[in-house]
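Asker: just the structure for this:
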Amino acid sequence: MVKFIADSLLTNWLSVKSLLFLIPYLRTYQRRLLAGLAWLVLTNVLAMVIPWTLKRGIDAAERSDYRELLWFAVILAAASVLRGGTRILSRLRYLRTARRIEVDLRRDMLTRLLVQETPFFDGQRTGDLLSRFTNDLANIRMLAGFGVLTLANAALVYLFTLAMLLNLSPGLTLIALLPYPVMLVVVKRISRRLLYHSTRVQESLGKVSEAVEEGVSGQAVIRAGNLFDNRCRQFDRLNDDYLECNLVLARLRALILPVMTVIGPLATLLALYFGGSRVMTGTLSLGELVAFNAYLVQLAWPTLLLGWVLTLTQRAAASMERIDLLLRLPAARGDFSTVGPKDTAAPAVRAHGLNFAYDERPVLRELHFDIPAGTLVGIAGATGSGKSTLLKLLAQLYPPGPGQLSVDGDDLARLDQAAYRKRLAVVPQEGRLFTGSVRENLLYAVPEADDEELRRVADAVCLTEEVEGFAEGFATRVGEGGLSLSGGQRQRVCLGRALAAGGGLWLLDDPFSHLDAATARKVWSRLRPLLRGKTIFLASGRVSQLEGADRVLVLDGGRLCEQGTPAELARSGGLYARLIERERLLAELETLP
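Answerer: Down below sits the predicted model:
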């Protein structure tokens, strides 16, 4: 019978192997689980008392001993009430533990996810990742809670009940349990297909989640481009595929319940037929037959739940395969959880034969430069020349090749990521904000900062007057991704956020692209004195913003074609000089009527 339970719940090694990850999480809460198990044992002991009191009560009624009958009726009532209380206590222990395991898993998944480098995210779908944090984790929680509870309860019920059945009549017990091996064979055949189709359902749901996420985030583009019909057709195809996968899985799951439902009544029928004949021959008392059937009925509900737990196990196994991809991601170099001050020391940066490619597409080719600490470096070049890629490599968003980039003489590819990130102040071109208020975004890295620091940062990026004009001032909500602010406002909030966080190495990726030239000059004139002594890499599509740089790196097709001071490059007549001339001509054209 132990083999029956094991085979019914965990039908193949693949399912068991994929769920072994739960053991460390369960071990964390072993005291709670042991307490729940103790209450579960008591619950089942009380359950064994109920058929026994029925037997003794019927025997007393046959002897017309009403006093003894009343006594056993009181015991029956008390056992039923106590059993209900202990069952609640056991369920609370298991279900609360499952919720805590879900929280622990979600934290571990996000912690591991956030330290991955950008190439990982390039190959993932946002909606699919979100699905793993929601639907897949819900399946794991159900298994860790109701699944573990049902498994432990079924094992105890079978152990105690079989002992009582064998004590009453070993022969009748073997007859009554004849249908169970048939159920085992049927369930094992079905379960092989359950895992495959459960995985398909979760993957299909990930695609649907991705489509919803893209539709919501891109709703403005869909409306403006009149793409509604096309988008809906694509979503309908994904939705229909998800429906078909679910229907196939539902048909398989629908076979489990009838099989489980038939077993209990069939076992009872066999017990009544063969047990009734023994009562008539006097080899079994009426009370013993009633108690035997009562014990047999107690097997029905756990047996019925075995089918539900089986499907739950298969779904959880499929979900775990998806979650395991996140939990097995490589850990970060260094401890990102360590809280400490930012390293404001300006580093020296050197590139020696730096090459980089996205997949098979080369972007940077043989870059060589040596930047002393405290230098303001401008990066110029046409669109697609590799400016942003160079900054992403310096930010460790993409891994540079060994020995190709060094910071203060240390190979960037081998540096402790956590320690290095404390030296960085990065402002990306897209100006991504987080859901919350303007204040929360400006002070995102230093939430404990006071109003004086808030005003200092806002003044430095020329935001104070604009924000104070909002109805709620710095408490104004920015919306998802900062959509309630203009592009220029988002970029300035990002600049302010970096300024509040501090750092010795500043990486600015065209941070003024959404500002007009006058506002950009005003913001930069306020920021530049505050960044004196820092090592700064400033990439810009406007070469005029690089006039105050100590050195300019000019990229063309991923190659470093020129480098020097702005004055030297302007006189050289090369690409930098041509970019200056093009910008001057465009400015003159804008002034024409």
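Asker: can we go C-alpha only for contacts and neighbour counts from here?
Answerer: Fine.
Asker: ok, residue 363 touching residue 388?
Answerer: No. Counting by Cα atoms under 8 Å, residue 363 does not reach residue 388; the two are 10.3 Å apart.
Asker: residue ranges for the helices of the stretch 51-200 of the chain, please.
Answerer: 66-114, 118-122, 126-131, 137-142, 148-168, 170-176, 179-217 (DSSP state H, counting those that start in this stretch).
Asker: any idea which of the ones you listed is most buried?
Answerer: Highest mean neighbour count of the helices of the stretch 51-200 of the chain: helix 137-142, a mean of 22 (counted as mean count of other Cα atoms under 10 Å).
Asker: turn the helices of the stretch 51-200 of the chain into a markdown table, columns for mean pLDDT and distance to residue 237.
Answerer: Below are these laid out as a markdown table (pLDDT from 0 to 100; distance: least, Cα to Cα, whole Å):
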| stretch | mean pLDDT | distance to residue 237 |
| --- | --- | --- |
| helix 66-114 | 88 | 30 |
| helix 118-122 | 78 | 24 |
| helix 126-131 | 79 | 16 |
| helix 137-142 | 88 | 25 |
| helix 148-168 | 87 | 37 |
| helix 170-176 | 85 | 50 |
| helix 179-217 | 74 | 10 |
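Asker: closest one to residue 274 among those?
Answerer: Closest to residue 274 of these is helix 170-176 (Cα to Cα; 7.1 Å).
Asker: now do the closest one: which elements does it pack against?
Answerer: helix 148-168, helix 228-281 (3 or more Cα pairs under 8 Å, 6 or more residues apart in numbering; DSSP states H and E).
Asker: residues in contact with it?
Answerer: 162, 165, 166, 267, 268, 270, 271, 274, 275 (Cα atoms under 8 Å, 6 or more residues apart in numbering).
Asker: distance from the chain centre to that helix, please.
Answerer: Centroid separation for helix 170-176 versus its chain: 50 Å, with Cα atoms, centre = their mean, to the nearest Å.
Asker: ditto for stretch 157-165
Answerer: 42 Å.
Asker: do you know how far the closest residue to residue 99 other than its chain neighbours is from residue 209?
Answerer: Distances taken as Cα to Cα, 6 or more residues apart in numbering place residue 141 nearest to residue 99, at 6.5 Å, with adjacent residues excluded. In this view, residue 141 and residue 209 are 20 Å apart by Cα to Cα, to the nearest Å.
Asker: can I get the helices of the stretch 51-200 of the chain in CSV with distance to residue 298?
Answerer: As requested, these are exported to CSV (distance: least, Cα to Cα, whole Å):
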stretch, distance to residue 298
helix 66-114, 13
helix 118-122, 51
helix 126-131, 38
helix 137-142, 23
helix 148-168, 8
helix 170-176, 13
helix 179-217, 15
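Asker: out of those helices, flag the one nearest residue 456.
Answerer: Across these, closest to residue 456 is helix 66-114 (Cα to Cα), at 30.0 Å.
Asker: which other helices and strands does that closest one contact?
Answerer: helix 22-28, helix 30-62, helix 137-142, helix 148-168, helix 286-327.
Asker: at 10 Å what do you get?
Answerer: Here helix 66-114 touches helix 22-28, helix 30-62, helix 118-122, helix 137-142, helix 148-168, helix 286-327, going by 3 or more Cα pairs under 10 Å, 6 or more residues apart in numbering; DSSP states H and E.
Asker: adding distance to residue 175, write those out as CSV.
Answerer: Listed next are the helices and strands packed on helix 66-114 as CSV, based on distance: least, Cα to Cα, whole Å:
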stretch, distance to residue 175
helix 22-28, 38
helix 30-62, 20
helix 118-122, 59
helix 137-142, 35
helix 148-168, 11
helix 286-327, 12
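Asker: and for the residue positioned nearest the centre of the chain, nearest residue in space, chain neighbours not counted?
Answerer: Residue closest to the average C-alpha location in the chain (Cα atoms, centre = their mean): residue 133, at 3.4 Å. Among residues not flanking residue 133 along the chain, residue 106 sits closest, at 6.6 Å (Cα to Cα, 6+ apart).
Asker: gap between that neighbour and residue 346?
Answerer: Counting by Cα to Cα, the gap from residue 106 to residue 346 is 37 Å.
Asker: ditto for residue 401
Answerer: 23 Å.
Asker: what about those two, which has more around it?
Answerer: More neighbours surround residue 346 than the other of residue 401 and residue 346, with 23 against 16 (other Cα atoms under 10 Å).
Asker: helix, strand or coil for the more buried one?
Answerer: coil (DSSP: H, G, I helix; E, B strand; the rest coil).
Asker: thought residue 72 was touching residue 57?
Answerer: Yes. Counting by Cα atoms under 10 Å, residue 72 touches residue 57, with 5.8 Å between them.
Asker: overlap of the contact sets of these two?
Answerer: Both residue 72 and residue 57 are in contact with residue 66, where contact means Cα atoms under 10 Å, 6 or more residues apart in numbering.
Asker: before we move on, back to that, list the contacts for the residue nearest to the centre of the chain?
Answerer: Contacts of residue 133 by Cα under 10 Å, 6+ apart are 102, 105, 106, 107, 109, 110, 127, 323.
Asker: include distance to residue 444 when you put the helices and strands packed on helix 170-176 into CSV, please.
Answerer: Supplementary listing: those in CSV, determined by distance: least, Cα to Cα, whole Å:
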stretch, distance to residue 444
helix 148-168, 41
helix 228-281, 36
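Asker: lowest-confidence stretch among the ones you listed?
Answerer: Lowest mean pLDDT within these: helix 228-281, a mean of 79.
Asker: packing partners of that one?
Answerer: helix 170-176, helix 179-217, helix 219-224, helix 286-327.
Asker: next one: the second one to chain centre, how far?
Answerer: If you compare the mean C-alpha spot of helix 179-217 with that of the full chain, they lie 19 Å apart, counting by Cα atoms, centre = their mean.
Asker: tilt between that helix and helix 228-281?
Answerer: Taking axes from the mean of the first three to the mean of the last three Cα atoms, to 10 degrees, one finds helix 179-217 and helix 228-281 inclined to each other by 160 degrees.
Asker: tell me what helix 179-217 is packed against?
Answerer: Using 3+ Cα pairs under 10 Å, 6+ apart: helix 179-217 touches helix 2-9, helix 13-19, helix 126-131, helix 219-224, helix 228-281, helix 286-327.
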